[in-house]
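J.: mind looking at a prediction? Sequence and model below.
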Amino acid sequence: MNSSTSILQYLSISPPGWGGVLLTGAVATLLISFGAYFVGMILGLFGAIGKLGGIRPVGFVLNVYTTVVRAVPELVLIVALYYAGTDGLNRVLSWAGVGPIEVNGLVAAIAVLGFVQGAYMTEVLRGAILSIPVGQLEAAKAFGMRPTLRFRRIVLPSLIPNALPGFANLWLSVIKDSALIAVVGYQELALAARVAASNTKQYMLFFLAAAALYLAITIVSNLLFSALEAHFRRGHRPIH
Amino acid sequence: MDFSWIIPYRDLLLHGAVLTCVLLAISVTLGFGIAILLAVAQVGRSRFLRIAAKSYCTFFRGTPLLIQLWLIYYGLGSYLPHIPGLRGSFLWPVMREGVFFAAVALTLNFAAYQGEILRGTLLAVPKGELEAAKAAGMRPGMVLRRIWLPRAIRIGLPTFAGEVILQLKATPIVFSVTVMDLYGAAYKIRQDTLLVYEPLILVATFYVTLTFFITQVFKRFENALPTSR
């Protein structure tokens, strides 16, 4: 194989090294993941409130959403939504009399992954809200708190510790799912590694480098989430 | 909606569906075997084995399956022809195919996730039962084989169905290494007929049906076994 100097040359930040391409890819992966996670959390919050709200048709629609999204493989969903989303948007635009637009790859990736995350997030948040003791909600009601105040002051703070393990899992899965965006041609870390690898024929080197970057992201995320959980669980009884 | 392409492409679709099921069955069965080794190594006494198994699980759980697949297919695959003797061996026709690398990647990935679960359930087996086994004169190997592992697997059974479904949903990624699984078939149909949605809807329906089928089978299986502690 190569000497260590040539490995460093391949991985150097500036061209002809491919390190810069990989790092740009890693930044894109993080951007997609952050964006999708945020979109998913908003969708999940509304989804959970909708599911627990008790309005029949709303609950039915949300059930279809979470069931279908969680039963269909992510890859199929991402490809379908990617095409359906851009296609649908352009149809709406042409109907409104505006010409077709090229949808930004990053925005499309965030929207698609966020839609998928939303379904999982709905279930995590629903479970977390359900695990809040009913007495606390009744006490808040008895004090005359309105639903919004009750949600902000009682529900939200007490659901966070319950939802954190689920949030951590979803964060790790959105990072790994973001690699699937490579399939629709947006250059995030996985596709960047593939481009670098096929240009240099150093497949092992670049895929290992990409794996190391993913691993670094997940390990740092793990540490952050355990710190967060320790913070939000302060004053709680230990689980074990 | 135009589904008239189903008839001319039925063989491709059927092969794809079978291949998806085969990949699922192979990776779950072999992966479960490796997972047992990984779990036992993680709760065992040997420090070296513990660290090795832990690093394996961290690596495979911390990186996307797509990267693992490409690492194995393009990375390892480019070294295989250089191993002396392998090219002439009877294994070579199998080891040249993308589906071989796909099965390897799926198996190793499943083993890591299932290994972590079994590690947890091994630790969840009540101490008293292991002590009772020891008191009855069983050696460590026999305790593991007769009491510890069967109990741990049984405790982990309810999560097993979920893991198998996750694995099913992970399989379509193999199309990226030229494997004609069900999704690969849909991809080819899309390229040939320029229909975007219909093939995707068809394969999505298949995956959902199979998911439903798997949950039903496991429900039966769980009901037949006393899983309570």
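T.: Received, thanks.

J.: wait, does the least confident helix or strand in chain A by mean pLDDT contact chain B?
T.: Using mean pLDDT, DSSP states H and E, the weakest-scoring helix or strand in chain A turns out to be helix A:4-11, at a mean of 70. No - judged by CB under 8 Å from any CB of the partner chain, helix A:4-11 stays clear of chain B, getting no closer than 13.9 Å. From N, CA and C alone the C-beta is placed, and that goes for glycine too.

J.: what's the angle from the following helix or strand past that helix to helix A:4-11?
T.: The helix or strand immediately downstream of helix A:4-11 is helix A:19-53, counting by DSSP states H and E. Here helix A:19-53 runs at 50 degrees with respect to helix A:4-11, directions being taken by axes from the mean of the first three to the mean of the last three CA atoms, to 10 degrees.

J.: which residues of chain B lie near chain A?
T.: By the criterion of CB under 8 Å from any CB, the positions of chain B lying close to chain A are B:58-59, B:61-68, B:70-71, B:74-79, B:165, B:168-173, B:176, B:183, B:186, B:196-197, B:200-201, B:203-204, B:207-208, B:211-212.

J.: re the thing from before, for the least confident helix or strand of chain A, buried residues please.
T.: A:Tyr10, A:Leu11 (16 or more other CB atoms under 10 Å in any protein chain shown).

J.: equivalent analysis for stretch B:200-216, please.
T.: Counting neighbours by 16+ other CB under 10 Å, the buried set in stretch B:200-216 is B:Leu200, B:Ile201, B:Leu202, B:Val203, B:Ala204, B:Phe206, B:Tyr207, B:Val208, B:Leu210, B:Thr211, B:Ile214.

J.: and the helix or strand hosting the fourth one, how far out from the chain middle?
T.: The secondary structure element spanning B:Val203 is helix B:197-224 (assigned by DSSP H and E). Here the centre of helix B:197-224 is set off from its chain's centre by 16 Å, with CA atoms, centre = their mean, to the nearest Å.

J.: now for it, which elements pack on it?
T.: Counting contacts by 3 or more CB pairs under 8 Å, 6 or more residues apart in numbering or on different chains; DSSP states H and E, helix B:197-224 packs against helix A:56-71, helix A:74-95, helix B:10-43, helix B:149-170, helix B:182-193.

J.: out of these, nearest to A:Pro15?
T.: When the helices and strands packed on helix B:197-224 are compared for distance to A:Pro15 using CB to CB, the nearest one is helix A:74-95, at 29.9 Å.

J.: next structured bit after that closest one?
T.: Heading C-terminal from helix A:74-95, the first helix or strand you meet, by DSSP H and E, is helix A:105-130.

J.: returning to that earlier point: can you tell me which of the buried residues of stretch B:200-216 is nearest B:Ala111?
T.: Sorting these by distance to B:Ala111 puts B:Ile214 at the head of the list, at 18.9 Å, by CB to CB.

J.: shouldn't that closest one be in contact with B:Ile165?
T.: Yes - counting by CB atoms under 8 Å, B:Ile214 does reach B:Ile165; the two are 5.8 Å apart.

J.: write the PyMOL selection for whichever of the residues of chain B next to chain A are buried.
T.: Buried residues within the residues of chain B next to chain A, by 16+ other CB under 10 Å, are selected in PyMOL with:
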select buried, chain B and resi 58+59+61+62+63+64+65+66+67+68+70+71+74+75+77+165+168+169+170+171+172+173+176+183+186+200+201+203+204+207+208+211
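
J.: least reliable of the helices and strands packed on helix B:197-224 going by mean pLDDT?
T.: Set side by side, the helices and strands packed on helix B:197-224 show their lowest mean pLDDT on helix A:74-95, which sits at a mean of 84.

J.: what is the mean pLDDT for stretch A:228-237?
T.: Averaged across stretch A:228-237, the pLDDT comes to 82.

J.: ok, stretch B:202-214 next?
T.: Stretch B:202-214 comes out at a mean pLDDT of 92.

J.: so can I have a markdown table of the helices and strands packed on helix B:197-224 showing distance to A:Ala119?
T.: Below are the helices and strands packed on helix B:197-224 laid out as a markdown table (distance: least, CB to CB, whole Å):
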| stretch | distance to A:Ala119 |
| --- | --- |
| helix A:56-71 | 4 |
| helix A:74-95 | 9 |
| helix B:10-43 | 22 |
| helix B:149-170 | 13 |
| helix B:182-193 | 20 |
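
J.: ranking those by burial, who's on top?
T.: When the helices and strands packed on helix B:197-224 are scored by mean count of other CB atoms under 10 Å in any protein chain shown, the highest mean neighbour count falls to helix B:182-193 (a mean of 21).

J.: report all helices and strands that it contacts.
T.: Packed against helix B:182-193 by the contact rule (3+ CB pairs under 8 Å, 6+ apart) you find helix A:74-95, helix B:10-43, helix B:197-224.

J.: try 7 Å this time
T.: Under the contact definition 3 or more CB pairs under 7 Å, 6 or more residues apart in numbering or on different chains; DSSP states H and E, helix B:182-193 sits against helix B:10-43, helix B:197-224.

J.: pLDDT below threshold where in chain A?
T.: Filtered on pLDDT under 70, chain A yields the residue ranges A:1-5, A:237-240.

J.: near chain B, which residues of it?
T.: Within chain A, the positions adjacent to chain B are A:71-76, A:79-80, A:83-84, A:176, A:179-180, A:182-183, A:190, A:194, A:197, A:203-204, A:207-208, A:210-211, A:214-215, A:218-219 by CB under 7 Å from any CB of the partner chain.

J.: swap the cut-off to 6 Å and go again
T.: Chain A comes close to chain B at residues A:71-73, A:75-76, A:80, A:83, A:176, A:179, A:190, A:203-204, A:207, A:210-211, A:214-215, A:218, as judged by CB under 6 Å from any CB of the partner chain.

J.: now the one helix or strand A:Val220 maps to, how far from the chain's geometric center?
T.: Assigned by DSSP H and E, A:Val220 belongs to helix A:203-232. Averaged C-alpha coordinates place helix A:203-232 at 15 Å from its chain's average position (CA atoms, centre = their mean).

J.: on contacts alone, who are the packing partners of that helix?
T.: Judged by 3 or more CB pairs under 6 Å, 6 or more residues apart in numbering or on different chains; DSSP states H and E, the packing partners of helix A:203-232 are helix A:156-177, helix A:189-200, helix B:65-70.

J.: 7 Å instead?
T.: Counting contacts by 3+ CB pairs under 7 Å, 6+ apart, helix A:203-232 is packed against helix A:4-11, helix A:19-53, helix A:156-177, helix A:189-200, helix B:47-62, helix B:65-70.

J.: thank you, goodbye.
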